[in-house]
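Novice: Sharing a model that was predicted from the sequence below.
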Amino acid sequence: MSDIRRMVLKIGTSVLLDEKKKISRARMLDFARQIKAVRDRSVDVILVSSGAIACGMETMGLKRKPREMARKQALASIGQVKLMAMYMEAFSRAGLKASQILLTYEDTKSNDRCINLLNTIDALLAMGTVPVINENDTLSFEEIMFGDNDNLSALIAQITSADLLVLLSDVDGLYDKDPKRHPGARIIRTVRRFDERVEAYAQDTSSEKSVGGMTSKLEAAKKAGQYGIPTRLAGGGVKDVVLKAAAGEQIGTLFAAAKRMSRKKCWIAFAFTPKGRLAVDRGAQKALVERGKSLLPSGILRVEGAFSRGECVEVADGDARVIARGIANYSSGDIDRIKGSKSIEIERKLGYKYTEEVIHRDNMVIL
């Protein structure tokens, strides 16, 4: 932890709420104080914060989040102004300046946009400001939404090559049971690898003002870990939680990092929304997973969904478990025509041949 030079801090809506379920200025001020102390230790802090829709609900006097997407987007538009005003006031009182960055899912799919985003964040940090990032809920719609700021924070950590991702929640970490329903639940202090047992611990949120539950936090930790970034999940109400996380103290749950994956493969695995799925036979599964081979048409059993060449697709085994993601070299219609065929038959069946591989191993990541 002494080597940390950059951390991404995600603060969920539930962490910002006071006893009356309203965004708390006092909590914002306390976080600003802690961020200032971390920055004084020469550690960059990038803040990913939820709360826009909650602020909009407060402004409009609403108790329940509307179901209609247009109304949610309208509340985000109303609330984002208030949320940033509160952050600017809190940071100013702590001796810091804040900046705002709003992103949609599409922004992370483009290499040029990611480079521009990284350069902007680097410049903001060099100018002594704290970037405050949120999903642009006003423009996003269901097909391109991050879904929650947990996953957004993991992508930001990857793009900016952060050394640590800190997720603050209304629970103190990952438990073997839901601690709100089981008083004897045991906290898991360290997760070294993700398996079905760990994922079974997750419970979705039921909050009216927040989106991400424990499932999304595990997804975020998994994404960050694939890029070699450890994740600390801790309770936002713990005293000096940001300082303790940055210092490496044993609070909450630490998700260890895996071997760093290339940025290109991280984009394939996590930044793209799969447009379809290819079901493969046992032989193809072994070739992909055990030998690191490309996917050939001969191993494909079934094509699901409609997609174009160059779009991201999932690869599933015979039990419908997703084993890989990759960029397809052929459209769904063309793959359906050549599935089960040998590579030498592609040109005869399609009238052209782009490559022998349906997905090349350099454009595929094993999950």
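Specialist: In hand now; what should we look at?
Novice: what's the domain layout of this protein?
Specialist: Following automatic domain parsing, one finds the domains of the chain at 6-265, 274-366.
Novice: Adding mean pLDDT, write these out as CSV.
Specialist: What follows is these, written out as CSV (pLDDT from 0 to 100):
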stretch, mean pLDDT
domain 6-265, 86
domain 274-366, 94
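Novice: Tabulate those domains in CSV, adding columns for mean neighbour count.
Specialist: The C-beta positions use only the backbone N, C-alpha and C, and glycine is treated the same way. As requested, the domains of the chain are exported to CSV (neighbours: other C-beta atoms under 10 Å):
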stretch, mean neighbour count
domain 6-265, 18
domain 274-366, 17
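Novice: what are the ranges of the helices in the protein?
Specialist: 13-16, 25-39, 52-60, 69-93, 111-126, 149-159, 196-200, 214-226, 241-247, 263-266, 282-289, 332-338, 346-350 (DSSP state H).
Novice: Nearest to residue 309, out of these?
Specialist: For these, the distance to residue 309 is smallest for helix 332-338, at 7.7 Å, taking C-beta to C-beta.
Novice: mind putting the helices of the chain in CSV, distance to residue 189 included?
Specialist: Formatted as CSV, the helices of the chain follow (distance: least, C-beta to C-beta, whole Å):
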stretch, distance to residue 189
helix 13-16, 21
helix 25-39, 22
helix 52-60, 31
helix 69-93, 31
helix 111-126, 31
helix 149-159, 20
helix 196-200, 13
helix 214-226, 14
helix 241-247, 14
helix 263-266, 27
helix 282-289, 31
helix 332-338, 45
helix 346-350, 52
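Novice: Quick one: closest of the ones you listed to residue 366.
Specialist: Within the helices of the chain, the stretch nearest residue 366 is helix 282-289; the backing value is 5.8 Å (C-beta to C-beta).
Novice: All the strands of the stretch 201-350 of the chain, residue numbers only.
Specialist: Along the stretch 201-350 of the chain, counting by DSSP state E, counting those that start in this stretch, strands occupy 231-235, 253-255, 277-280, 300-304, 312-316, 322-327.
Novice: for the ones you listed, which one sits closest to residue 9?
Specialist: strand 231-235 (9.8 Å).
Novice: Which elements pack onto that closest one?
Specialist: strand 164-169, helix 214-226, helix 241-247, strand 253-255 (3 or more C-beta pairs under 8 Å, 6 or more residues apart in numbering; DSSP states H and E).
Novice: tell me the angle it makes with helix 149-159.
Specialist: Per axes from the mean of the first three to the mean of the last three C-alpha atoms, to 10 degrees, the angle that strand 231-235 makes with helix 149-159 is 150 degrees.
Novice: OK, contacts around residue 297?
Specialist: 335, 338, 339, 340, 341, 342, 343, 346, 358 (C-beta atoms under 8 Å, 6 or more residues apart in numbering).
Novice: now do residue 38
Specialist: Residue 38 neighbours (C-beta under 8 Å, 6+ apart): 7, 45, 242, 243, 246.
Novice: The last one reaches residue 163, doesn't it?
Specialist: No. With contact taken as C-beta atoms under 8 Å, residue 246 and residue 163 are classed as non-touching, separated by 9.9 Å.
Novice: shared neighbours of the two, anything?
Specialist: 4, 7.
Novice: ok so, going back, any idea which of the helices of the chain gets closest to residue 183?
Specialist: helix 214-226 (17.7 Å).
Novice: Any chance you could list what contacts that closest one?
Specialist: 10, 147-148, 150-151, 153-155, 157-158, 165, 167, 169, 171, 174, 191, 194, 198-199, 201-205, 230-231, 233, 255-258, 261, 266, 269-270.
Novice: Need the residue closest to the centroid of this protein.
Specialist: residue 151 (1.7 Å; C-alpha atoms, centre = their mean).
Novice: What distance do you get for it to residue 307?
Specialist: Distance of residue 151 to residue 307, computed by C-beta to C-beta, to the nearest Å: 22 Å.
Novice: TSV for the contacts of residue 38, including distance to residue 25?
Specialist: Formatted as TSV, those follow (distance: C-beta to C-beta, whole Å):
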residue	distance to residue 25
7	24
45	20
242	17
243	20
246	23
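Novice: Which of those residues sits closest to residue 87?
Specialist: residue 45 (12.7 Å).
Novice: For that closest one, list the residues it contacts.
Specialist: Contacts of residue 45 by C-beta under 8 Å, 6+ apart are 6, 7, 9, 35, 38, 39, 130.
Novice: right, and the fourth one touches residue 8 too?
Specialist: Just to be clear, that refers to residue 35. No. Using C-beta under 8 Å, residue 35 is not in contact with residue 8, being 11.9 Å away.
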